[in-house]
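> got a sequence here, can you build the structure:
(3 chains)
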Amino acid sequence: MKNKLISKLYSTLYEEYGPQGWWPLSTIKTNNGYHPNNYKYPVTNQERFEICVGAILTQNTSWKNVEKAITNLKEINALCMLYFLDTLEVKIKKAIRPAGYFNQKYKKLVAFTKFFLSLKKRTPIREELLGIWGIGPETADSILLYAYNQPIFVVDAYTRKLLLKNKIIKEKEKVSYDYIQKIFMDNLKRDYKLYQEYYALIVVTGKVKNK
DNA sequence: AGCCAGGCTACCG
DNA sequence: CGGTAGCATGGC
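Residues are numbered from 1 along each chain as shown, chains lettered A, B, ... in the order given. From the prediction side, this is the model:
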């Protein structure tokens, strides 16, 4: 389905807020980890792993809380695919506690880390990610878009609100994740930089503007 | 003092 | 299939 509004909305948001430099990384000391206008990240497999961990920890959780958890993981040397599985369960859970749901998220991180190690640097496909316990569509797509620079659009609560507000979808009709994703991908160039920027802008505006 | 956050699973009808 | 309880913490 064609819809001119999709690319127009992007221009409007970009002009207002500028490049966002997602996904933030603890290895970048400036700008709180953000890297506007720099699309080379992740540089290392370690940074790639950190993005995936963040994507899981931020499920239904504010990024502020995730930052604490990531800092804690780093302090106990567990923010690393080679050491994570060797770290005591209680230590990990204590570290990720600020991100909430720590029992569930611990299980999710274990399942994901095993998978990540089995990849040996190969890029995963969406179905593989969705097959992992604890990885749903948004987390899978965040990982593909930001950890692997794949042009896959991420849909979340803010994305739906943006479409509702602009009357591209209606409140009543039940719109699936895949349907919304298709609206964006049908109307944008297949460009991971554009997708990374667009989704970041959606979240940023979603936060700023009331609800 | 509630309500909400960059969701997902399990289980129900 | 669609709908929803449960998961947990910190910020506002």
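
> show residues contacting stretch A:4-22.
A:31, A:34-38, A:146, A:162, A:166, A:168, A:183-184, A:187-188, A:194, A:196-202, A:204-205 (Cβ atoms under 8 Å, 6 or more residues apart in numbering). All C-beta atoms are positioned from the backbone trio N, CA, C, and that covers glycine.

> buried sites along it?
Taking 16 or more other Cβ atoms under 10 Å as the basis for neighbour counts, the residues of stretch A:4-22 that come out buried are A:Ile6, A:Leu9, A:Tyr10, A:Leu13, A:Pro19, A:Gln20, A:Gly21, A:Trp22.

> so the third one is in which element?
Secondary structure here is read from DSSP states H and E; on that basis A:Tyr10 sits in helix A:5-17.

> and the spatially most central residue of chain A, how far is that from DNA strand B?
In chain A, the C-alpha closest to the average C-alpha coordinate belongs to A:Ser142, at a distance of 3.5 Å (Cα atoms, centre = their mean). Per Cβ to the nearest atom of the strand, to the nearest Å, A:Ser142 is found 5 Å from DNA strand B.

> helix, strand, or coil at that residue?
helix (DSSP: H, G, I helix; E, B strand; the rest coil).

> residue contacts, whichever residue of chain A sits closest to DNA strand B?
Of the residues in chain A, the one nearest DNA strand B is A:Gly136, at a distance of 2.3 Å by Cβ to the nearest atom of the strand. Contact criterion Cβ under 8 Å, 6+ apart gives A:Gln59, A:Leu130 as the residues in contact with A:Gly136.

> so which bits of the lowest-mean-pLDDT helix or strand in chain A are buried?
Taking all helices and strands of chain A together, the one with the lowest average confidence (mean pLDDT, DSSP states H and E) is helix A:157-165, at a mean of 93. Within helix A:157-165, the residues scored as buried using 16+ other Cβ under 10 Å are A:Tyr158, A:Thr159, A:Arg160, A:Leu162, A:Leu163.

> same question for A:Ser180, what's its three-state structure.
Residue A:180: Ile, not Ser. Reduced to three states by three-state DSSP, A:Ile180 is helix.

> can you get me a residue count around it?
The tally of other residues near A:Ile180 (other Cβ atoms under 10 Å) stands at 19.

> ok, it - contacts?
Applying Cβ under 8 Å, 6+ apart, the residues contacting A:Ile180 are A:Val155, A:Thr159, A:Arg160, A:Leu163, A:Ile169.

> could you do A:Leu144 as well?
Applying Cβ under 8 Å, 6+ apart to A:Leu144 gives the contacts A:Pro124, A:Arg126, A:Leu129, A:Gln150, A:Ile152.

> among these, which are in helices?
Judged by DSSP state H, helices contain the following of those: A:Arg126, A:Leu129.

> in chain A, which residue sits closest to DNA strand C?
Relative to DNA strand C, the nearest point of chain A is A:Gly100 (2.4 Å; Cβ to the nearest atom of the strand).

> the closest residue to that residue other than its chain neighbours: what secondary structure?
Beyond its immediate neighbours in the sequence, the residue positioned closest to A:Gly100 (Cβ to Cβ, 6 or more residues apart in numbering) is A:Thr61, lying 5.2 Å away. Look at A:Thr61: counting by three-state DSSP, its state is coil.

> A:Thr61: how many residues sit nearby?
The burial metric for A:Thr61, expressed as a neighbour count using other Cβ under 10 Å, is 16.
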